[in-house]
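*Asks:* Just need the structure, nothing else, for what follows:
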Amino acid sequence: MRKEEEELRPGSLVLAFLGDWGWWPALVDTDPKTRRFTKVEKGLCKMRVVFLEENPTKSWVVKEKVVKFTGEEVEEDNFQERQEAYFMARTMVELEEEARLERFWGGQQSKSESIMDEEEPELQEREEPPREELMEQRDRLAEKEEDLHAKDTLVEEIDRRIRSLESTVNSQAEEMARMLEEKRGPSLTSPSPPCLTSPTSPSPPCSPPRCEVTMSPLLCRPPLSVKDISALLSTSPTPGAATEATDQEETKAARREEVVTRLKHEVAREVRRGLKKYNHTKEPELFKSRSWEIFDAEDFTEVCRSQAVSCREEVMERWARRSDGLEGLELAQEDVARMQAGLELFFRIREAVSLRLDLLGSRVEAAQRQEFHSISSTVASLLPTSQGARLHAAATTDYYFALREEVGRHLASLLGLGEPSYRRHIAAHSLLLFRQLMATAAVLTPGAAPALTDDARLAVRDHVAKKHLL
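*Replies:* This next block holds a predicted model:
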């Protein structure tokens, strides 16, 4: 048994691997019935974990698939719920086990301990699909990907041959038209040919002269039939041509990857340089006056990552529109200037969010700091845009807090302000509804400042009621 596994106990922060869910942040917790957090089942040692998410789920996970979470791990993908779980876990790294359980369960050391030997906590079971089923799913997905790739290749080849066939048919039609003009021309402009008659058998004077010259039949290529077209399409390219095309595609893909990687490092370097004036990790005394700026390494890393990704995507999108591809992609001075302006806007949003949250609670409270980081990043990423410019930062921030107040009003009527999980629910529901309503507004009223309409209030009421009444 590894040393880090020996250290795991209730309240330990871990990454647990469960089937298609992948690695997910979780807390080790005791079973309320057996008062144990490990068990042996079918010869396998399993550990009971509760996954960090808005609606927590539990599972018994094989011990070899549970590792200690240090806070330096990187998310597997950009799945929003997984990123939020990692963010929640990083805020608990420095806490002791009991403090983690207390924060997670909202004022109780452990929800499991609070119910003693009564019913199981109202947590859904997150089950791991059978290994055979996972293998079958993986095989089916692989086959589908191969089929799609083969179909795409076939469609491209058919399109190329159809274009070639159209060119051939057009050339033949032009040739036929030219030959018809050549054959018809002499009969319309030249005099009639002489009448060749036999001297021994004169023709009657009134009979028309007999022409002894016969016209040869018009010779032209036969038109293509459907069968001929099918034969052309059924022919396959030569192995040499296919290999050359494949090599060109691979070379092009490798060149594109190299260009994107170079841009990634350049953007990250410029973002770190732009964040220097906001980074106060070695100046904690400034926190009281500038709490919206950066005061810990984790925050610096997260801001640097999110701003670098946003800047890089904008640069690639502008370059693709300008040059119909990424050939010659580079970071220009105007891109650096836009990035710096984006950083200034981002910290103005953080300042506004921090000042608004100060009116609701203590700025050093962990839950509020977590909500502060989530709100700032979400508002900055969902600002209305027009012709690439981000607009209405102040109005969007006000919109979030108006939405949050509406969520709090409905939660208070259902749960009560004294409910320990009230604070966690209001932040989670507000962020979720904010993302959904901003996405809707971007489609219906692109570029306009968001406003809390009657429809939005109804959406808030229905969402909260569905989550806490059903």
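
*Asks:* Now do the residue nearest to residue 300 when sequence neighbours are not counted, the pLDDT please.
*Replies:* Leaving aside its sequence neighbours, residue 300 sits nearest to residue 294 (C-beta to C-beta, 6 or more residues apart in numbering; 4.9 Å). C-beta: built from backbone N, CA, C; applies to glycine. Per-residue pLDDT puts residue 294 at 92.

*Asks:* Work out the gap between stretch 257-272 and the centre of the chain.
*Replies:* 20 Å (C-alpha atoms, centre = their mean, to the nearest Å).

*Asks:* Pull the contacting residues for residue 456.
*Replies:* Residues near residue 456 by C-beta atoms under 8 Å, 6 or more residues apart in numbering: 403, 406, 437.

*Asks:* Would you mind checking the average pLDDT for the helix or strand encompassing it?
*Replies:* In the assignment (DSSP states H and E), residue 456 maps to helix 454-469. The pLDDT scores in helix 454-469 average 88.

*Asks:* going forward can the numbers begin at 37, since that is how I track them
*Replies:* Shifting the count to begin at 37 puts that one at helix 490-505.

*Asks:* buried ones in it?
*Replies:* 492, 495-496, 499-500, 503 (16 or more other C-beta atoms under 10 Å).

*Asks:* ditto for stretch 314-332
*Replies:* Of the residues in stretch 314-332, those buried (16+ other C-beta under 10 Å) are 314-316, 327-331.

*Asks:* Can you add secondary structure and distance to residue 117 and give the residues you listed back as TSV?
*Replies:* Putting the buried residues of stretch 314-332 into TSV (DSSP: H, G, I helix; E, B strand; the rest coil; distance: C-beta to C-beta, whole Å) gives the following:
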residue	secondary structure	distance to residue 117
314	helix	28
315	strand	29
316	coil	31
327	coil	28
328	coil	26
329	coil	28
330	strand	25
331	coil	27
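
*Asks:* Most widely separated two among these?
*Replies:* 315 and 327 (13.9 Å; C-beta to C-beta).

*Asks:* which SS class is residue 383?
*Replies:* helix (DSSP: H, G, I helix; E, B strand; the rest coil).

*Asks:* what does residue 61 give?
*Replies:* Going by three-state DSSP: residue 61 is strand.

*Asks:* Identify the residue spatially nearest to it, adjacent ones excluded.
*Replies:* Distance criterion C-beta to C-beta, 6+ apart; nearest residue to residue 61, sequence neighbours excluded, is residue 125 at 3.7 Å.

*Asks:* Wait, a helix at that neighbour?
*Replies:* Yes. Under three-state DSSP, residue 125 sits within a helix.

*Asks:* State the distance from it to residue 305.
*Replies:* Residue 125 sits at a distance of 28 Å from residue 305 (criterion: C-beta to C-beta, to the nearest Å).

*Asks:* wait, isn't residue 439 in contact with residue 466?
*Replies:* Yes. Judged on C-beta atoms under 8 Å, residue 439 makes contact with residue 466 at a distance of 5.9 Å.

*Asks:* all strands in the protein, in order from the N-terminus.
*Replies:* 49-53, 59-64, 74-77, 80-87, 93-98, 102-104, 160-161, 421-422, 425-426 (DSSP state E).

*Asks:* what helices or strands is the fifth one leaning on?
*Replies:* Using 3 or more C-beta pairs under 8 Å, 6 or more residues apart in numbering; DSSP states H and E as the contact criterion, the secondary-structure elements in contact with strand 93-98 are strand 49-53, strand 80-87, strand 160-161.

*Asks:* redo that, cut-off 10 Å
*Replies:* strand 49-53, strand 59-64, strand 74-77, strand 80-87, strand 160-161 (3 or more C-beta pairs under 10 Å, 6 or more residues apart in numbering; DSSP states H and E).

*Asks:* Can you say which of those is nearest to residue 408?
*Replies:* Per C-beta to C-beta, nearest to residue 408 of those: strand 59-64, 19.9 Å.

*Asks:* That closest one to strand 93-98, inter-axis angle?
*Replies:* 100 degrees (axes from the mean of the first three to the mean of the last three C-alpha atoms, to 10 degrees).

*Asks:* could you point out where the stretch 137-286 of the chain is predicted with low confidence?
*Replies:* 142-175, 178, 221-278 (pLDDT under 70).

*Asks:* mind redoing it with 50?
*Replies:* 143-157, 165, 223-257, 260-263, 265-266, 268 (pLDDT under 50).

*Asks:* same thing with the stretch 337-486 of the chain?
*Replies:* In the stretch 337-486 of the chain (pLDDT under 50), the answer is 400.

*Asks:* again, 80 this time
*Replies:* For the stretch 337-486 of the chain, the stretches flagged by pLDDT under 80 are 357-364, 396-406, 420-426, 451-460.

*Asks:* where along it do the helices fall?
*Replies:* Assigned by DSSP state H, counting those that start in this stretch, the helices in the stretch 337-486 of the chain fall at 369-394, 402-417, 429-450, 458-480.

*Asks:* The third one versus helix 458-480: what angle between them?
*Replies:* For the pair helix 429-450 and helix 458-480, the angle between their directions (the same axes, to 10 degrees) equals 130 degrees.
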